[in-house]
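In: My questions are about this predicted structure, shown below with the sequence.
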Amino acid sequence: MVSSSCIFLTELESATFTDCRKITVFWCCLWEQEQESQPSALLRMLCMQTQLFQTLLPWQILRPSNSEGAGKVSLLKKVPALKDGDFTLAECTAILLYLSRKYNTPDHWYPSDIQKRAQVDEYLSWHHANIRANAPKTMWIKVLIPLFTGQPLPSEKLQEVMEGLSTSLKQFEERFLQDKAFIIGSEISLADLVAIVELMQPVGVGCDIFEDRPRLMEWRRRVEDAVGKELFFQAHEMILNIKELSNIQIDPQLKEHLAPVLMKMLK
């Protein structure tokens, strides 16, 4: 499955590479708007909540400029990406773990206790083939694919995705949440952050997956409180206003590039 961060591949392919001595996290904006992809929003929440922004240089938005050196940011040509001296790293989860280990973030994010850390790792492994495999597709079906192709998808396609997501949510509640406050216990962890940014995507396109799921709703409220409501909604501003993208003008070449990529993601 193609990562949703690949949707904005052209942002990275045409980015200007800037050398720096401190760690720089490169992220993407959506076309010319000051809005983030969900993986970028996830990293921003962690860095703001743990004060890592005092250590990191300001994040650099990857905009169309010139392509020289772009491959030095990420050989995978994906965002978000990280540069620490001569070391570069792609993939959001890998960056989260790297920052947590390097800067000794508060223990609850990625616990030093080997069993609790293993629980975080377990969820991160499960997440990609379950929550992430279904939740983002609601956004592609209801907003992005119609925007880039000019054609709505049949309602059966959304129903199929929602059925798959419902199965994943049932497993999420029964296997991971159970009767706990957060995924690994009484404190928030990276696992909760990774989960919430995906589960807010259906909400942004009008599929309120938290309705009629009281345990899931209470967990979401606890995550909001732990992160801070202002930061939480700032990080999800783009996804909660995703429908507004239908009013923007998109470069025809970008449409031509991304339409087949989006369609491929649904297969």
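Out: Great, that's in hand.
In: Which helix or strand contains Cys207?
Out: Using DSSP states H and E, Cys207 maps to neither a helix nor a strand.
In: so what's the nearest residue to it once chain neighbours are set aside scoring on pLDDT?
Out: The shortest distance from Cys207 to any residue other than its chain neighbours is 5.2 Å, reached at Thr138 (CB to CB, 6 or more residues apart in numbering). Just so you know, the C-beta spots here come from the backbone N, C-alpha and C atoms, and that holds for glycine as well. The model reports Thr138 with a pLDDT of 91.
In: got it, and Arg220?
Out: For Arg220, the model assigns a pLDDT of 97.
In: How about the one 3 residues further on?
Out: The confidence metric pLDDT takes the value 96 at Val223.
In: Kindly check the end-to-end length of stretch 196-216 for me.
Out: 10 Å (CA to CA, to the nearest Å).
In: Would you confirm that the residue nearest to Cys207 contacts Val161?
Out: Yes. Using CB atoms under 8 Å, Thr138 is in contact with Val161, at 6.0 Å.
In: returning to what we had before: tell me, how many residues neighbour the residue nearest to Cys207?
Out: 21 (other CB atoms under 10 Å).
In: who touches it in this structure?
Out: 158, 161-162, 165, 201-202, 205, 207 (CB atoms under 8 Å, 6 or more residues apart in numbering).
In: Next step: these restricted to helices.
Out: Per DSSP state H, helices hold the following members of those: 158, 161-162, 165, 201-202.
In: and Glu187, that's in a strand?
Out: No. Read with DSSP: H, G, I helix; E, B strand; the rest coil, Glu187 is coil and lies in no strand.
In: any chance you could read off phi and psi for the residue nearest to it when sequence neighbours are not counted?
Out: Excluding the flanking residues, the one nearest Glu187 by CB to CB, 6+ apart is His108, at 3.8 Å. Backbone geometry at His108, expressed as degrees, to the nearest 10, gives phi -70, psi -20.
In: I'd guessed His108 sits against Leu190; true?
Out: No. Counting by CB under 8 Å, His108 does not reach Leu190; the two are 9.4 Å apart.
In: From the contact counts, what lies against the host helix or strand of Lys264?
Out: In this assignment (DSSP H and E), Lys264 forms part of helix 252-265. Judged by 3 or more CB pairs under 8 Å, 6 or more residues apart in numbering; DSSP states H and E, helix 252-265 is in contact with helix 9-13, helix 145-149.
In: hey, least reliable of these by pLDDT?
Out: The stretch with the lowest average pLDDT out of the helices and strands packed on helix 252-265 is helix 9-13, scoring a mean of 31.
In: First-to-last residue distance for stretch 240-251?
Out: Using CA to CA, the two ends of stretch 240-251 sit 23 Å apart.
In: Which one of His108 and Leu190 is surrounded by more residues?
Out: Neighbour totals were compared for His108 and Leu190, and Leu190 leads with 26 against 17 (other CB under 10 Å).
In: I'd like to know the predicted local confidence at the more buried one, please.
Out: 93.
In: Go ahead and confirm it touches Leu46.
Out: Yes. Taking CB under 8 Å as the definition, Leu190 is a contact partner of Leu46 at 7.3 Å.
In: Show me whatever sits in contact with both of these two.
Out: Overlap of the contact sets of Leu190 and Leu46 (by CB under 8 Å, 6+ apart) consists of 96, 100, 109.
In: quick one: which of those is nearest to Ala133?
Out: Checking the shared contacts of Leu190 and Leu46 against Ala133 by CB to CB gives Leu96 as the nearest, at 19.0 Å.
In: could you list every residue that touches the residue nearest to that closest one when sequence neighbours are not counted?
Out: Of all residues not flanking Leu96 in the chain, Leu190 sits nearest, at 5.5 Å (CB to CB, 6+ apart). Applying CB under 8 Å, 6+ apart, one finds that Leu190 lies in contact with 46, 96-97, 100, 109-110, 120, 124.
In: Going by neighbour count, which of these are buried?
Out: By neighbour count, with 16 or more other CB atoms under 10 Å, these hold 46, 96-97, 100, 109-110, 120, 124 as buried.
In: Inside helices: which ones of the residues you listed?
Out: Filtering these for helices - DSSP H - leaves 46, 96-97, 100, 120, 124.
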